[in-house]
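>>> Requesting a structural model of the entry that follows:
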Amino acid sequence: MKITDTSDLWWKSAVIYCLDVETYMDDNDDGVGDFAGLARRIDYLADLGVTCLWLMPFYPTPDRDDGYDISDFYGIDPRLGNHGDFVEVIRTARDRGMRVIIDLVVNHTSDKHPWFVSARRSRTSPYRDFYVWRDEPPAQEEPTVFPGEEASVWEYDERTGQYFQHVFYRHQPDLNVANPRVRDEIAKTIGFWLALGVSGFRLDAVPFFIEPPDGVDVGDPHELLRDLKRFLQRRVGDAALLGEVNVPYRDQVKFFGGQRGGELDLQFDFLGMQALYLSLARQDPAPLVKALRSRPDVPPEAGWANFVRNHDELTLDKLTEAEREEVFEVFAPDEAQRVYGRGITRRLPTMLGGDPRRIRMVYSLLFSLPGTPVLFYGEEIGMGENPEIQGRTSVRTPMQWSDGKNGGFSRAAPGRLVAPIPTDGYAPEHVNALHQRADEGSLLRFIQQLIKRYRTSSEIGWGTPRVLDHDAAGVLAHELRSDVGRMVALHNFSDVPVRVALDLGAVEEGTMLLDLHGAERLPLGSRGRTEVELEAFGYRWLRVAAPGDTRIS
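Coordinates of the predicted model:
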C-alpha cells in the first residue's frame, strides 16, 4: 500500500497514556476517581507531552473484573459521572491537542448484561444466540485464561439445561461473533462512541474476540477485523485500532492484515516486552536483540506499540520455562509477586530496586525503539505497586499527585478509596507528581524530556530500523532511517562503563553525531566510524547530521 497522505496516521508518532478513570482523580471526594477529576488533570498530561489518552473501561459494571465485565456498552458507570462529563473530557483533551481512545471489550459481556439475562431465561429468547451454548462441553476443551481461578471454559446453566462458554471468567459469557446480529451490535457500539468524539479503540484480547465458536464455519475470522476497520474509516477516516494480540510474530502479521493492511493499526509488542525483561535480568541485550531482529515487516500505515508495563500482570508466557524462571528469580523472588504461573504483579521501579540509572535507561529505550510508546499511568513518576493487593490489580492503585491525604487523589476517608494506596517506600510521601514537577532532576522531568525528543525525531515512528553490530558487551545499538533523518540509539544493559565502536557505513564528509540529550558533537569520518562511551546503565541518542542539515537537535 502506497501512502500518499501521512497526516491522518497520527498513531505513528503518538505518545499513548493509559489510565483508569476510577483511580486517576476524584473530584467529588467519594473515594472513586471520575471524569470531572480527569478533566482537571488534562493540563498535566498535555504538559507531560501525551498526545493520546487510552481510557480503560468506564462502562456500567458489576465490577467483578475491574470493569471488564460490562453490563451496558453504551453507558457510563454512574460512579464516574455521565455522558456530559465524558464529552467534556473529550473536548478538553482535543483543545490541548490530545486524542482519546477507549477500551472496546466485546468478546464477552457481564452475566448481568440484559442480553444474557434474557438469554438464560429461555432457549427461545431472542438473545439466546448472542452467546455460545452447548448441550455438552466439547471433548477437547480450550485451556482457561486464568489458571487456578477457573477449572473450565464452560459453565452449566441449570434453568435452561445447557452450558455456556466463557474463555475468561464464568461471570463473563462469551459473545457469539458468528451471529450477524452480534456483529451489528458491535458496529453500533463503535459508531456511538465515535459520534461522541473518540479517535479509536483498544481492542481487548483480539485473538479470542475473532475466534468463532467450535463447529461454526464463518470463513476467514479476520474478515470481522476488516469489517470493523472499514466501518471506522467510513465514520471517522483517521480513527485507529490498537490491538492486544499476544501471539508469535508470524501470527501477529495476520492481525495487521498481512502486508496489505486493513485490520489493526497498532499492536502491542508482547514478545519484545518479554525479551526486554529477560535482557534486564541477564544484564545482556541479546534476547531483545533477537526479538527486534525477528520483528516482521508490517504495512507502512501500521506499527508496533512498545510498552514496559501494562495494566495486567507482566506476562512472561512466551518465554521458555527456564527463561521465565530466570526472570522470576531476579524480579519476583517471592511467590506472592507471581500470578497464573506466567506473570509478575510488580511495577518496573520495584523490580529494579529503585535504581534510577536502570529505570531511566529502560525508558530511554522505550522511547527510542521503532514504534509508538505506551505509558501506564504513574510510570512517569516511578510509582510502585501495593503488595497488599493480591493479583494483577496490585498495580492499579490511585494516582499519587502529592504527599497530602490519600496522595492528593481524594479527600475521602482512606477506607472509602477505590483501592488502597501503597504505604512502603513508594508511598505518596516519597513518590508524587507535585514534588517531581518542581524538581528538574526528577523522573517526571526526564520522561517529559524523552517525549520532547521523541516527538522531534519522527524517524522513530516512521523510520526503517536496524540493529547494529559491534563488539561491546552488554550494549544494544540500533538505528532508524527515514526520509527526514537518521538516528542511532545506544543502551548499556550492564553495570560497567563501556566503549562502543560504531561503523555506520560511508557518510558525507563533515557528518557529525549530535547528542540529543546533551551538547556533545562527535565527528564522523567519511568511513562512518567512531567510538562512543557509555556509563554503567548509560544511554545515548545520536542524530546523524550531514553538512547543511537544518534540523535543530
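>>> Tell me where the model's unsure across this protein.
1-7, 553 (pLDDT under 70).
>>> List the buried residues in the longest helix along the chain.
Secondary structure of the chain read by DSSP state H shows that its longest helix is helix 180-195. Neighbour-count burial for helix 180-195, with 16 or more other CB atoms under 10 Å as criterion, is recorded at 182-183, 185-186, 189-190, 193-194. In short, each C-beta sits where N, CA and C put it, glycine included.
>>> For the stretch 401-550 of the chain, just list every one of the strands.
For the stretch 401-550 of the chain, the strands defined by DSSP state E, counting those that start in this stretch occupy 464-467, 475-482, 485-492, 498-503, 512-515, 521-523, 529-534, 539-545.
>>> quick one: strands adjacent to the first one?
Right, the one you point to is strand 464-467. Taking DSSP bridges as the criterion, strand 464-467 forms sheet pairs with strand 475-482 (antiparallel).
>>> again with the shortest one
The pairing partners recorded for strand 521-523 under DSSP bridges are strand 512-515 (antiparallel).
>>> How far away from the center of its chain is the partner strand?
Between the centre of strand 512-515 and the centre of its chain there are 31 Å (CA atoms, centre = their mean, to the nearest Å).
>>> start at 4 instead
All set: I'll call the first residue 4, so the last point we hit is now strand 515-518.
>>> neighbouring contacts of that strand?
With CB atoms under 8 Å, 6 or more residues apart in numbering as the test, strand 515-518 has contacts from 491, 524-527, 533, 535, 543-548, 556.
>>> Of those, which is the most crowded?
Neighbour count (other CB atoms under 10 Å) singles out L545 as the most crowded of the contacts of strand 515-518, with 27 neighbours.
>>> can you redo the strands of the stretch 404-553 of the chain as JSON lines with distance to G385?
Below are the strands of the stretch 404-553 of the chain laid out as JSON lines (distance: least, CB to CB, whole Å):
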{"stretch": "strand 467-470", "distance to G385": "28"}
{"stretch": "strand 478-485", "distance to G385": "22"}
{"stretch": "strand 488-495", "distance to G385": "19"}
{"stretch": "strand 501-506", "distance to G385": "26"}
{"stretch": "strand 515-518", "distance to G385": "25"}
{"stretch": "strand 524-526", "distance to G385": "31"}
{"stretch": "strand 532-537", "distance to G385": "22"}
{"stretch": "strand 542-548", "distance to G385": "17"}
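>>> okay if I get the contacts of strand 515-518 as CSV plus distance to V292?
As requested, those are arranged in CSV below (distance: CB to CB, whole Å):
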residue, distance to V292
V491, 15
R524, 28
L525, 23
P526, 28
L527, 23
T533, 21
V535, 18
R543, 17
W544, 18
L545, 18
R546, 22
V547, 21
A548, 26
S556, 27
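>>> Okay, and D287 sits in which element?
Of the helices and strands defined by DSSP states H and E, none includes D287.
>>> surely it meets N495?
No - using CB atoms under 8 Å, D287 makes no contact with N495, being 10.9 Å away.
>>> So between the two, which is more surrounded?
It is N495, of D287 and N495, that has more neighbours when counted by other CB under 10 Å, with 27 against 17.
>>> partner residues bridging that one?
V478.
>>> any idea how far R395 is from A335?
Here A335 is placed at a distance of 13 Å from R395 (CB to CB, to the nearest Å).
>>> Mind listing the shared neighbours of those two?
Common neighbours of A335 and R395, counting by CB under 8 Å, 6+ apart, are T348.
>>> what's the closest of the buried residues of helix 183-198 to R484?
L197 (35.5 Å; CB to CB).
>>> How about the contacts made by that closest one?
235, 238-239, 242.
>>> In contact with V256, which residues?
V256 makes contact with 262, 299, 301, according to CB under 8 Å, 6+ apart.
>>> and if we set it to 7 Å?
Contact analysis of V256 by CB atoms under 7 Å, 6 or more residues apart in numbering lists 299, 301.
>>> and it, what element?
helix 252-259.
>>> domain assignment for the protein?
According to automatic domain parsing, the chain comprises the domains 117-168, 463-548.
>>> filter the contacts of L197 to the buried ones?
Neighbour-count burial (16+ other CB under 10 Å) is assigned, among these, to 235, 239, 242.
>>> Quick one: mark the members of those residues that sit in strands.
Secondary structure of the buried ones among the contacts of L197 is defined by DSSP state E; no position falls in strands.
>>> and which of those residues is nearest S125?
Ranked by distance to S125 (CB to CB), the buried ones among the contacts of L197 are led by L235 at 35.6 Å.
>>> do you know how far the closest one is from R502?
Distance, L235 to R502, by CB to CB: 49 Å.
>>> and if you look at C55?
39 Å.
>>> The two: which is more packed in?
Neighbour totals were compared for C55 and R502, and C55 leads with 23 against 10 (other CB under 10 Å).
>>> quick one on the thing from earlier: okay, and the common contacts of D287 and N495?
Residues touching both D287 and N495 (CB under 7 Å, 6+ apart): G477.
>>> where along the stretch 254-403 of the chain do the helices fall?
273-285, 289-297, 324-334, 351-354, 359-371 (DSSP state H, counting those that start in this stretch).
>>> Now do the second one: distance to the chain's middle.
Spelled out, that is helix 289-297. On CA atoms, centre = their mean, the centre of helix 289-297 falls 20 Å from that of its chain.
>>> try the first one
Helix 273-285 sits 15 Å away from the centroid of its parent chain (CA atoms, centre = their mean).
>>> Check the shortest one too.
Using CA atoms, centre = their mean, we find the averaged C-alpha position of helix 351-354 to lie 17 Å away from the chain's own average C-alpha position.
>>> Name the surrounding residues that touch it.
311-312, 334, 362, 365, 385, 387-388, 429.
>>> Now distance to F212 and neighbour count too, for those residues, in JSON lines please.
Shown next, in JSON lines, are the contacts of helix 351-354 (distance: CB to CB, whole Å; neighbours: other CB atoms under 10 Å):
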{"residue": "V311", "distance to F212": "25", "neighbour count": "21"}
{"residue": "R312", "distance to F212": "23", "neighbour count": "24"}
{"residue": "F334", "distance to F212": "30", "neighbour count": "21"}
{"residue": "I362", "distance to F212": "34", "neighbour count": "21"}
{"residue": "V365", "distance to F212": "31", "neighbour count": "22"}
{"residue": "G385", "distance to F212": "34", "neighbour count": "26"}
{"residue": "G387", "distance to F212": "32", "neighbour count": "24"}
{"residue": "E388", "distance to F212": "28", "neighbour count": "25"}
{"residue": "Y429", "distance to F212": "35", "neighbour count": "24"}
